[in-house]
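Asks: sequence and computational prediction follow.
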Amino acid sequence: MKSRKMNRILSLLLAMVMVVGVFVVPTPDEVSAASKSYAFQSTKASSVTIKDADCYTSSGTIKANYIKFKSGFTGYITLKMSNASKASNYTAGYLTLCNSKKKPIGVTREYWDTNHDASNYYTRTYGVKKGQTYYFKVEAAAGVKIKTAVKAVSKKYTSQKKAKTLKAKTTVGGVIIANDKTADWYKISVPANKRVKITVAAKTNGDDDKTGIKATLMKSNGKAFKTNAYCYASVVTKSDWCKYLRKDQYGREYGISDKKGTYYIKVERLNKSSNGYYTLKWQTY
């Protein structure tokens, strides 16, 4: 998969260099402009456009451009890439979330491509913390416009003791912050002899199903059921659901409880590279 992505980018880059090279001879001012600064607004939607000539060096290799973002809120930022090339009808490349020192956070070089209808190819969402400075490293083979959408999200239910009581069929939203292992907790009350279905949807980072946000049903003591599988959502699988059951020796399914009880749902990153925004709902059936 990675080799196919790289071949696609290299092919586009080669075509760009050949086309642009025929018509454009960079001046000293244009060469220095490739190192100019970019920044997103800290509290509202904004956009940055990186031109064709700023996407690659004079030797024909992809250039890294950094976009600064100092978050004025705790919540999430979504980046949407679109084509801004004058020589190509699409663009592709890699996106890397970095810290204030331009060091990668979690997943490095997430592939994106505007030559698709599905939004998971050209959108990425990241959980951010108020006051934190981030850099988005953009490696594009052709001109790209990157537009942001931002939203503040409360981050309060970070332990079992602080769990938010969540009623059945009620949808709640939350955020998993980049490079933060803190989970969100919700408390639910399950009627006797009822099974539980949990639905989680998400906007996340990553370019495949290996990163995402997961939800796990927990016992009243905060520990997971041994037989439980979790459900998770990623940039590819944007919504998922799972049913939590107990089976007897004959394979017959029963509810998770034989009597009324209090349980918890723990929402966390699928792995250390995962972050983003999620919605959660549960119900009995």
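Replies: Ah, there it is. Numbering: from 1, shown residues only.
Asks: surely residue 174 meets residue 184?
Replies: Yes. Between residue 174 and residue 184 there is a contact at 4.8 Å, judged by Cβ atoms under 8 Å. (Glycine included, C-beta is placed from N, CA and C.)
Asks: shared neighbours, the two?
Replies: 155, 157, 267 (Cβ atoms under 8 Å, 6 or more residues apart in numbering).
Asks: burial count for the second one?
Replies: Using other Cβ atoms under 10 Å, residue 157 has 21 other residues around it.
Asks: would you mind measuring from residue 230 to residue 240?
Replies: Relative to residue 240, residue 230 is positioned 9 Å away (Cβ to Cβ, to the nearest Å).
Asks: could you do residue 41 as well?
Replies: Distance, residue 41 to residue 240, using Cβ to Cβ: 33 Å.
Asks: comparing these two, which residue is more hemmed in?
Replies: residue 240 (19 against 13).
Asks: tell me if that one really is in a helix.
Replies: No. With DSSP: H, G, I helix; E, B strand; the rest coil as the criterion, residue 240 is strand rather than part of a helix.
Asks: residues contacting it?
Replies: So residue 240 contacts 199-201, 231-233 (Cβ under 8 Å, 6+ apart).
Asks: farthest-apart pair in the residues you listed, please.
Replies: 199 and 232 (11.5 Å; Cβ to Cβ).
Asks: give me the more crowded residue out of those two.
Replies: residue 232 (24 against 17).
Asks: which pLDDT value goes with that one?
Replies: At residue 232, the model reports a pLDDT of 92.
Asks: can you confirm it is in a helix?
Replies: No. Assignment of residue 232 by three-state DSSP gives strand, placing it outside any helix.
Asks: low-confidence stretches in the chain?
Replies: 1-4, 6-35, 226-229, 245-259 (pLDDT under 70).
Asks: what about the helices in it?
Replies: Using DSSP state H, the helices found in the chain span residues 2-23, 28-33.
Asks: quick one on the thing from earlier: how about CSV for the contacts of residue 240, with distance to residue 116 added?
Replies: As requested, the contacts of residue 240 are arranged in CSV below (distance: Cβ to Cβ, whole Å):
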residue, distance to residue 116
199, 26
200, 24
201, 21
231, 26
232, 23
233, 20
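Asks: of these, closest to residue 151?
Replies: For the contacts of residue 240, the nearest to residue 151 is residue 201 (14.7 Å; Cβ to Cβ).
Asks: partners of that closest one in the sheet?
Replies: Counting by DSSP bridges, residue 201 forms beta bridges with residue 239, residue 279.
Asks: tell me the contacts of it?
Replies: 233, 238-240, 278-279 are the contacts of residue 201 under Cβ under 8 Å, 6+ apart.
Asks: same deal with residue 37?
Replies: Contacts of residue 37 (Cβ under 8 Å, 6+ apart): residue 68.
Asks: all numbers from here: first residue = 192
Replies: From this message on, residue numbering opens at 192, which makes the last subject residue 228.
Asks: how far away is it from residue 402?
Replies: 29 Å.
Asks: same check on residue 384?
Replies: 37 Å.
Asks: likewise for residue 330?
Replies: 19 Å.
Asks: which parts of the stretch 192-341 of the chain are strands?
Replies: For the stretch 192-341 of the chain, the strands defined by DSSP state E, counting those that start in this stretch cover 229-230, 238-241, 255-261, 266-274, 283-289, 301-304, 314-319, 324-331, 335-343.
Asks: need the ones you listed in JSON lines with distance to residue 410 and mean neighbour count, can you?
Replies: Below are the strands of the stretch 192-341 of the chain laid out as JSON lines (distance: least, Cβ to Cβ, whole Å; neighbours: other Cβ atoms under 10 Å):
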{"stretch": "strand 229-230", "distance to residue 410": "47", "mean neighbour count": "15"}
{"stretch": "strand 238-241", "distance to residue 410": "47", "mean neighbour count": "18"}
{"stretch": "strand 255-261", "distance to residue 410": "40", "mean neighbour count": "19"}
{"stretch": "strand 266-274", "distance to residue 410": "30", "mean neighbour count": "21"}
{"stretch": "strand 283-289", "distance to residue 410": "35", "mean neighbour count": "23"}
{"stretch": "strand 301-304", "distance to residue 410": "36", "mean neighbour count": "21"}
{"stretch": "strand 314-319", "distance to residue 410": "27", "mean neighbour count": "24"}
{"stretch": "strand 324-331", "distance to residue 410": "37", "mean neighbour count": "22"}
{"stretch": "strand 335-343", "distance to residue 410": "33", "mean neighbour count": "19"}
